[in-house]
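1. Build me a model:
(one chain, ligands or ions: 2)
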Amino acid sequence: MDETRKKTFLGFDFSTQRLKAVVIGEDYEVLHEAEVEFDVDLPEFRTAGGVLRGERGEVTAPPLLWVKALDMVMDRLIVAGVDFSLIDALSGAAQQHGSVWWAKDAESRLATLSPDQFVHTQLATAFVSNSPVWMDSSTTEDCKALEEAVGGPEELAKITGSRAYERFTGAQIRKMFRTRPRVYQAATRISLVSSFACSLFLGRIAPIDLSDGSGMNLLDIHSMKWDEKALKACGDDTLASKLGEPVATASDLGVVSPYFVARYGLRADCRVVAFTGDNCSALAGLRLRSGWVGLSLGTSDTLLLGLQAPAAPPAGHVLVGPTTHAPYMALLCFSNGSLTRQNHRDRLAGPSWDVFNDLLRATVRGNMGYMGIYYDTAEIVPRAVAGRWLYDASGRAIEKLAPQFEARALLEGQALARRAHAEDMGFKLDAGSRLVATGGASVNKELLQIFADVFNTPVYVQDQHANAALLGAAIRAAEVWSAKTGTKLSGADPTVSPVATPYADHDKIYTPMLPRYRDILAHIPKLDDNAKSAR
Ligand SMILES: Nc1ncnc2c1ncn2[C@@H]1O[C@H](COP(=O)(O)OP(=O)(O)O)[C@@H](O)[C@H]1O
Ligand SMILES: O=C(CO)[C@@H](O)[C@H](O)COP(=O)(O)O
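-> Ligands and ions are numbered 1, 2, ... in the order given. Sure, this is the predicted structure:
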């Protein structure tokens with residue numbers, strides 16, 4: 001190996017609304033970036049927020065959209081000046097839980113892609129269905145059946161780290177097996193979005209990694225093997241071979257496919273490191289220390305915590321961790337995150353975050369007692385139907401408020417929900433705690449101030465990049481490559497800086513709002529109620 005040659009690493013994030021790519025140097029500094037926004041850059045797929053919605057809570061995305069986005073982002077990286085011959089390893093992150101259903105000859109096509117054409121034209125018929133994604137809430141019946149089959153929700157949580165959740169891949173596979181058996185049979189392999197994306201670079205179907213694989217309700221997070229009972233509940237005896245054996249997240253899977261060598265000039269010895277879920281990658285990228293909680297503000301809002309041991313959570317999820325620093329991780333996911341904030345920004349203030357933030361500044365903290373819960377899409381925590389609920393200071397339900405009060409009610413309601421459910425899951429915050437924010441909305445200081453006050457905890461952001469999942473992907477590629485080749489890199493742990501600290505009166509204002517939030521919640525229809533009335 002040429003020791004003097006500059007070494008660089010490539011990371012991807014196939015998230016809900018866009019595909020992002022980053023190139024870092026051996027000191028982990030960001031050198032180049034590019035992105036493709038699905039709705040805007042690929043309007044032919046007719047997605048809104050990166051997804052397609054059905055009438056009964058079904059939410060899907062066409063896998064070819066992600067393939068075409070990859071073709072585009074590679075070209076944009078070239079325009080950004082990337083020299084692919086300097087990339088030693090690549091890895092990626094992707095939205096969690098979504099399933100990709102491969103047609104019979106897909107693997108041979110992956111292996112024989114012609115460098116004269118785009119990937120998407122060659123994989124146009126490689127998938128037997130659109131991909132159900134994490135926003136799908138149409139599998140309540142399958143969740144119940146899965147829980148019953150393994151001995152109840154607590155038992156399922158003990159084995160897999162989570163009770164059954166609608167978006168988790170096990171219930172999604174069960175629904176496909178039950179309602180579209182021909183698709184189930186026709187798919188020779190089923191990938192997660194992360195392992196699907198990895199497959200494109202590897203030129204064969206990539207294994208599912210353990211961290212993202214623990215978001216399926218199918219993996220025993222103690223033995224690190226698929227759980228037989230859960231598999232049996234979700235499909236037939238071909239399911240294990242459709243999924244393949246899972247591998248450790250820090251796995252080097254081999255060299256990049258010849259397609260990328262011939263078409264983009266990647267090195268023939270460029271290594272591909274297993275891709276993982278975006279939250280898992282964010283945890284890896286954030287390098288959380290003890291007492292620090294990650295707050296990812298992407299399409300969904302998530303709270304992340306590294307754990308040394310698995311625990312069966314009453315709510316939320318325990319996943320296998322992405323790195324040796326965090327053998328396990330706790331995750332709480334709220335589906336109404338940035339997209340819901342953005343919808344109401346458009347309604348209340350138009351397309352500008354600055355104008356929306358002016359509205360916030362025109363109100364006082366605590367919002368004179370006005371509170372609101374806004375679910376534009378079915379919520380995950382709690383499992384509730386879409387809707388909007390507004391109350392005044394005396395607890396009276398109201399229909400409408402002036403825009404400035406609604407703007408604050410939306411954000412304060414979201415922050416209160418994150419704190420209430422974090423407490424339920426046992427996230428402990430004390431004097432030494434901090435929230436470390438990442439994701440698209442982490443640039444908004446007004447929003448972070450509300451989180452600081454509601455959580456009584458300072459909020460920090462990373463200095464290197466606002467997207468820890470993306471940076472985490474490139475850093476994981478670098479670290480796995482460094483361990484494999486025995487080459488020491490100069491990269492250091494990413495650093496963080498404070499952006500919001502709680503005001504002195506935070507407790508007086510926000511602590512009394514928590515029981516009010518829980519009271520409002522008690523009256524909101526839950527997904528289970530909906531499933532019962534539909535039966
Ligand atoms: N200044 C801002 N304030 C609040 N939200 C913002 C701001 N800038 C971008 N966002 C939100 O960030 C979201 C995209 O975040 P991102 O992390 O890229 O999402 P994802 O990874 O799920 O595709 C958008 O929905 C957008 O509304
Ligand atoms: O379902 C979950 C986590 O369990 C979501 O967090 C998805 O992983 C989507 O991530 P973003 O696109 O919102 O980052």
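2. Against residue 84, how distant is the residue lying closest to residue 27 once chain neighbours are set aside?
-> Of all residues not flanking residue 27 in the chain, residue 490 sits nearest, at 4.7 Å (Cβ to Cβ, 6 or more residues apart in numbering). (Glycine included, C-beta is placed from N, CA and C.) Distance, residue 490 to residue 84, by Cβ to Cβ, to the nearest Å: 22 Å.
3. which one of the two has more residues nearby?
-> Using other Cβ atoms under 10 Å as the criterion, residue 490 and residue 84 rank with residue 84 on top: 21 against 9.
4. For the helix or strand residue 240 falls within, name the packing helices and strands.
-> According to DSSP states H and E, residue 240 maps onto helix 239-243. For helix 239-243, the contact count by 3 or more Cβ pairs under 8 Å, 6 or more residues apart in numbering; DSSP states H and E identifies strand 189-192 as packing neighbours.
5. Residues in contact with the strand it packs on: which ones?
-> Residues outside strand 189-192 that contact it (Cβ atoms under 8 Å, 6 or more residues apart in numbering): 94, 96-102, 106-107, 169, 173, 199, 205-206, 208, 212-213, 215-216, 239, 242-244, 277.
6. centre of the chain versus that strand, how much separation?
-> Offset of strand 189-192 from its chain centre (Cα atoms, centre = their mean, to the nearest Å): 17 Å.
7. For that strand, list the C-alpha coordinates in PDB.
-> The C-alpha trace of strand 189-192 is given here as PDB (Å, rounded to 0.1, in the frame of the first residue of the first chain):
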ATOM      1  CA  ARG A 189     -34.400 -12.200  -0.900                       C
ATOM      2  CA  ILE A 190     -35.700  -9.600   1.400                       C
ATOM      3  CA  SER A 191     -33.400  -6.700   2.400                       C
ATOM      4  CA  LEU A 192     -33.700  -3.800   4.800                       C
END
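8. surely residue 90 meets residue 274?
-> No. With contact defined as Cβ atoms under 8 Å, residue 90 does not reach residue 274; the gap is 11.1 Å.
9. Buried residues in stretch 118-128, which are they?
-> 118, 119, 120, 122, 123, 126, 127, 128 (16 or more other Cβ atoms under 10 Å).
10. right, and the secondary structure at residue 12 would be what?
-> Classification of residue 12 by DSSP: H, G, I helix; E, B strand; the rest coil places it in strand.
11. Return the residues in contact with the nearest residue to it once chain neighbours are set aside.
-> Excluding the flanking residues, the one nearest residue 12 by Cβ to Cβ, 6+ apart is residue 92, at 3.7 Å. Contacts for residue 92 (Cβ under 8 Å, 6+ apart) come out as 11, 12, 13, 14, 194, 197, 198, 201, 275, 276, 281, 473.
12. mind running it again at 7 Å?
-> 11, 12, 13, 14, 194, 197, 198, 275, 473 (Cβ atoms under 7 Å, 6 or more residues apart in numbering).
13. and it, that one's in a strand?
-> Yes. With three-state DSSP as the criterion, residue 92 is part of a strand.
14. quick revisit: ok, of the contacts of residue 92, which one's closest to ligand 2?
-> residue 13 (8.0 Å; Cβ to the nearest ligand atom).
15. Check the burial of the closest one by counting its neighbours.
-> Quick note: residue 13 (other Cβ under 10 Å) scores 29 neighbours.
16. For it, list the residues it contacts.
-> 20, 92, 93, 278, 467, 469, 470, 473.
17. One more pass at 6 Å, please.
-> When contacts are counted by Cβ atoms under 6 Å, 6 or more residues apart in numbering, residue 13 touches 20, 93, 469, 470.
18. quick one: which of those residues is nearest residue 27?
-> residue 470 (17.1 Å; Cβ to Cβ).
19. Now the closest one: closest residue in space that isn't a chain neighbour?
-> residue 13 (4.2 Å).
20. okay, now residue 425: neighbour count?
-> 19.
21. Now the residue of the chain at minimum distance from ligand 1. Its backbone dihedrals?
-> Ligand 1 sits closest to residue 440 of the chain, with a gap of 2.0 Å, by Cβ to the nearest ligand atom. Backbone torsions of residue 440, given as degrees, to the nearest 10, read phi -50, psi -40.
22. and if you look at residue 420?
-> Torsion angles, degrees, to the nearest 10, at residue 420: phi -60, psi -50.
23. Contacts only, for it.
-> 514, 517.
24. And it, how close does it get to residue 456?
-> 13 Å.
25. Then residue 75?
-> From residue 75 to residue 456 the distance is 47 Å (Cβ to Cβ).
26. ditto for residue 527
-> 31 Å.
27. Comparing these two, which shows the higher neighbour count?
-> residue 527 (21 against 16).
28. correct me, but residue 168 touches residue 217?
-> Yes. The criterion here is Cβ atoms under 6 Å, and residue 168 meets it with residue 217 at 4.3 Å.
29. When these two are compared, which one has more neighbours?
-> residue 217 (33 against 26).
30. residues contacting the more buried one?
-> 160, 164, 168, 170.
31. just residue 465 next, same as before
-> 30, 471.
32. For it, give me the pLDDT.
-> On the pLDDT scale, residue 465 is placed at 84.
33. any idea how far the residue nearest to residue 210 when sequence neighbours are not counted lies from residue 33?
-> Using Cβ to Cβ, 6+ apart and skipping the chain neighbours, the partner closest in space to residue 210 is residue 320 (4.4 Å). Distance of residue 320 to residue 33, computed by Cβ to Cβ: 29 Å.
34. which one of those two has more residues nearby?
-> residue 320 (26 against 19).
35. On the three-state scheme, the more buried one is what?
-> strand.
36. which residues does the closest residue to ligand 2 within the stretch 301-450 of the chain bridge with?
-> Relative to ligand 2, the nearest point of the stretch 301-450 of the chain is residue 333 (3.8 Å; Cβ to the nearest ligand atom). Bridge pairing for residue 333 (DSSP bridges) gives the partners residue 302.
37. Can you get me a residue count around it?
-> Neighbours around residue 333, by other Cβ under 10 Å: 24.
38. I figured it hits residue 302, correct?
-> Yes. With contacts counted by Cβ under 6 Å, residue 333 reaches residue 302, the gap being 4.8 Å.
39. got any ranges where this protein has weak pLDDT?
-> 1-3, 312-314, 529-535 (pLDDT under 70).
40. Contact residues of it facing ligand 1?
-> 15-18, 298-299, 338-339, 341-342, 353, 439-441, 443-444, 447, 467 (Cβ under 6 Å from any ligand atom).
41. With the flanking residues excluded, which residue is spatially nearest to the residue of the chain found nearest ligand 2?
-> Residue nearest to ligand 2 within the chain: residue 298 (2.9 Å; Cβ to the nearest ligand atom). Distances taken as Cβ to Cβ, 6+ apart put residue 439 closest to residue 298, at 4.0 Å, once the chain neighbours are dropped.
42. so that neighbour touches residue 295, yeah?
-> No. With contact defined as Cβ under 6 Å, residue 439 does not reach residue 295; the gap is 8.1 Å.
43. out of those two, which sits in the more crowded spot?
-> Taking other Cβ under 10 Å, residue 439 and residue 295 do not tie; residue 295 has more neighbours (28 against 25).
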